[in-house]
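Asks: structure for this input, please:
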Amino acid sequence: MSLIEIKAKDGNDGAGSTFNGVVFTFASNIKILELVDVRVKKSRAAADNPNAFSQRLSKERYIFNGTSIELQVGRQEFIAVEFTREISESEFNASATPEMIQFRKVVLRGISGDLKGIAESEKMKNVVANMSSFNSAGEIKNGMKSLQEGAKPTSDFSPRVRVVQLQPGAADGSADKVDASVTALTGLFKKQNMTSSGNLNKSVFSFGSTSSIFNVLQKHTTLSDQKIKKETEKVLPSTITPKVLQVAKEAISDKSLGKTPADNITQGVKTEVSKNLKENNFAGFDFDPEGLIPGASRSGANALPHGIGKLLNIAKDKLPKIGETLAGTAKGVVIPEGKSVPNLIEGFDSQTGKVSLDTNVGKFIPKGSLIRNVKPVTPVIVSSSPTTFKGSNSSNHKFEFIDTVDELIDELANSTRVNSLTDETIGFLVVGFTGDELYGGPNKMNVEKLHQIELKDDKEFLIEQGLASGLSATVATQRANALMEDVGLSDFYGIQAHYLILTDGRIQRGRPLGKTRAPDRDPYSKTGLELSFVAGGTNPVNGEQLRAFEELLERMYKVLPGLNVFGDNEIDSTLLGPGFDVGSFRDKFDKDFKIIEDPSSEENKDIDRKTLAIVQPPKSVIAKQSVTQLQNKINITNPTSITKAFETKDPKTGAEIKADIDTELANIGNVMNDIKTGKIDIESDIEVASTKSFAAAEKGFADLNINTKTAIKDANIGKVEDFMKLAKTNSLDIAKKIKSIL
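Replies: Now for the predicted structure:
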């Protein structure tokens, strides 16, 4: 990742990139792979202050043509552009240190092409060996009859249960019942070649995979394993490609030898690990003295610092035990006075008597000239419900800022109030402001200060409530303290807003997403989020705050397309917040909801997302189906997907096979002609069929003809789609070639 920062008054970064306040142009030697982030500062004072807030620009606020960025927000005094770039092998070698070059070679050898090839082939073998090629009831393949019908047509293999039954005459017929009277009748009638009835004397059921069918033939026939292998191959679908057929035959052969895909992968991993043990200095060797499957990835094994230690000649032999110190310098090296070199692996500390498994790897990897302007990024774990927030008992809780609005996507996606359907599932966003009495700049008014103010107000309210019920001032105060310290109630006190937009446009997290608000807050206390502006009637929301709100809303709609957004004044007519028309933002995102006619109705307390899901909303607000972990597992193990993916992989190396665009274009041109011609024929046949009487025989033949041609057309369209995926168009020249035939 690279970062370039330029002030408009400077005009350039000294390395070829320029900025005139409106247009930023990359140096001619920089080839951009991805534009990650664009930030600007408008004033000269902010540009000169490295700690001043910079505004992140969404994509619609600039135009990027591959080599330059033209701002659409007026002149700016500072720009920061974060991006990834492409470099050649020679460019890297010319700019990197010798240690970096050697280390890169070690890393690239981490997983060889052999192991990748094994993984791809065994994944395909698992499909053809353990998934059924039967899909229609009554379908018979080489003596096995399907007893089940698939709900939908499948492509070659199905992971669903497909029960098949062994039929008379299967394979060599040796499973059939032998009629005991055959010999006697042959002698009585003096007639040769008399046979039995060919009936089975038992019912044999199995799953319709090649592996299961192999087992059935092995158990119930007298065939040799070699002949059973040949018979099992006959069950494979005729539609698979030669490449998949070859792997299928290998899978059946493995079955005959008693080997599973897992066995082959395990052996491949053992071979791979044994080749690379020396490269990571036998890290984790003590977990497995044979050195075949070491625990190199376990905490404390620390394969990476072992490898660096070997590279820098610090450690030539493996460490005897996990937890021992690996020094930062080789034995005999004298460290200059006043200098210190940290240990690569901290290990045992003789002063404290404790063992640390931490490392200092980052301090031993030098930076090359190509990444001189890369700034380290501190990883932040985005949590939607920090456990340290306890409402009135949150003295140790730290209220974080949202550094980039994009963090909201992760934060929302990780929230249980988004991923589950309960009575606390998020369906609403309530927008308001703090009021003029709580207005001020970021140092005067922020989440920490607002939290303390609201805690004070909560306590005063509880005391007044106690006094109104006849309690003395002392007892009322004791009661208030007890309620606010109660573990079951403390969460509801203090800051209510989940997000606060400060006057400089920054967004600060308040109440965690996983925490609901006080029950009497509004009709959406259980199902809503609250967002508040530091603003009031005489101090309205400013432009920076509105821009932050728009970006925040855009991200929220990505995760929750059906989110209902209401202003405080729409829920309670006596309130003025947020001081602008929230409906105009709903209109901008085409989210003008009609489901809830009266946002202020107390009946809305009973509305949750399950209820909202039953009501048919406008198409623009229909939420996309969320993909669960289980669905992800189903998707990545889908046999059709694996089969298609295998066609683009080299079975020896596991690498992606790049498409020969010119050859494929010639083939796809013919396919396109078939599609166009087929489409015309289908339309004309439909016209003819529609004039026939419903009961006429001609109509039946016409319909059959349409179905046949439609299937051909669909198959051709599939070829075009597969070609487009394989081509992975990334240049104008290729795009123009493809366009010429479409």
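
Asks: low-confidence ranges, the stretch 101-250 of the chain, go.
Replies: Applying pLDDT under 70 to the stretch 101-250 of the chain flags residues 102-115, 151-154, 177-201.

Asks: what ranges does it have for its strands?
Replies: Along the stretch 101-250 of the chain, the stretches classed as strands by DSSP state E, counting those that start in this stretch are 140-141, 144-146, 163-166, 205-207.

Asks: same check, this time on the stretch 501-650 of the chain
Replies: With DSSP E, counting those that start in this stretch as the criterion, the stretch 501-650 of the chain has strands at 507-509, 528-533, 564-567.

Asks: what's in contact with the longest one?
Replies: Applying C-beta atoms under 8 Å, 6 or more residues apart in numbering, the contact partners of strand 528-533 are 426-434, 496-501, 510-511, 513, 517, 521-522, 541, 545, 549, 552, 577-579. Using the backbone N, CA and C atoms, a C-beta is placed for each residue, glycine as well.

Asks: against residue 56, how distant is the closest residue to residue 16 other than its chain neighbours?
Replies: Spatial nearest neighbour of residue 16, excluding adjacent residues (C-beta to C-beta, 6 or more residues apart in numbering): residue 27 at 2.7 Å. To residue 56, residue 27 is 23 Å away according to C-beta to C-beta, to the nearest Å.

Asks: and if you look at residue 359?
Replies: Distance of residue 359 to residue 56, computed by C-beta to C-beta: 33 Å.

Asks: just give the nearest non-adjacent residue to residue 471, would you?
Replies: Distance criterion C-beta to C-beta, 6+ apart; nearest residue to residue 471, sequence neighbours excluded, is residue 479 at 6.5 Å.

Asks: confidence score at that neighbour?
Replies: Looking at residue 479, its pLDDT stands at 94.

Asks: quick one, helices of the stretch 301-450 of the chain?
Replies: Secondary structure of the stretch 301-450 of the chain by DSSP state H, counting those that start in this stretch: the helices cover 303-311, 407-413, 416-419, 447-468.

Asks: deepest of those, which one?
Replies: Among those, helix 303-311 has the highest mean neighbour count (mean count of other C-beta atoms under 10 Å), at a mean of 22.

Asks: same for that helix, what does it pack against?
Replies: Judged by 3 or more C-beta pairs under 8 Å, 6 or more residues apart in numbering; DSSP states H and E, the packing partners of helix 303-311 are helix 98-108.

Asks: hang on, the earlier thing: any idea which of the helices of the stretch 301-450 of the chain gets closest to residue 20?
Replies: Smallest distance to residue 20 across the helices of the stretch 301-450 of the chain (C-beta to C-beta): 31.5 Å, for helix 407-413.

Asks: which elements pack onto the closest one?
Replies: Under the contact criterion of 3+ C-beta pairs under 8 Å, 6+ apart, helix 407-413 touches helix 543-559.

Asks: which parts of the helix it packs on are buried?
Replies: For helix 543-559, a neighbour-count test (16 or more other C-beta atoms under 10 Å) marks 544-549, 551-557, 559 as buried.

Asks: so how far is residue 18 from the closest residue to residue 25 other than its chain neighbours?
Replies: Spatial nearest neighbour of residue 25, chain neighbours left out: residue 68 (4.3 Å); criterion: C-beta to C-beta, 6+ apart. Look at residue 68 and residue 18: by C-beta to C-beta, they are 9 Å apart.

Asks: cool, residue 45 as well?
Replies: Distance, residue 45 to residue 18, using C-beta to C-beta: 22 Å.

Asks: now swap in residue 225 and tell me
Replies: As judged by C-beta to C-beta, residue 225 and residue 18 stand 73 Å apart.

Asks: what of residue 555?
Replies: From residue 555 over to residue 18 (counting by C-beta to C-beta), the distance is 32 Å.

Asks: shared neighbours, residue 68 and residue 18?
Replies: Counting by C-beta under 8 Å, 6+ apart, the contacts common to residue 68 and residue 18 are 24-25.

Asks: OK, contacts around the nearest residue to residue 167 once chain neighbours are set aside?
Replies: Closest residue to residue 167 apart from its sequence neighbours, by C-beta to C-beta, 6+ apart: residue 143 at 4.8 Å. Contact analysis of residue 143 by C-beta under 8 Å, 6+ apart lists 166-167, 169-171.

Asks: between those residues, which is closest to residue 137?
Replies: residue 167 (14.1 Å).

Asks: quick one: the closest one and residue 145 touch, right?
Replies: Yes. If you go by C-beta atoms under 8 Å, residue 167 and residue 145 touch, sitting 5.3 Å apart.

Asks: returning to that earlier point: quick one, which of the contacts of residue 143 are buried?
Replies: 166-167, 170-171.

Asks: looking at those residues, which one is closest to residue 452?
Replies: Nearest to residue 452 among the buried ones among the contacts of residue 143, counting by C-beta to C-beta, is residue 166 at 77.8 Å.

Asks: quick check: bridge partners of the closest one?
Replies: residue 144 (DSSP bridges).

Asks: distance of it from residue 216?
Replies: If you go by C-beta to C-beta, the gap between residue 166 and residue 216 works out to 6 Å.

Asks: if anything else comes up later, I'll come back, but that's it for now.
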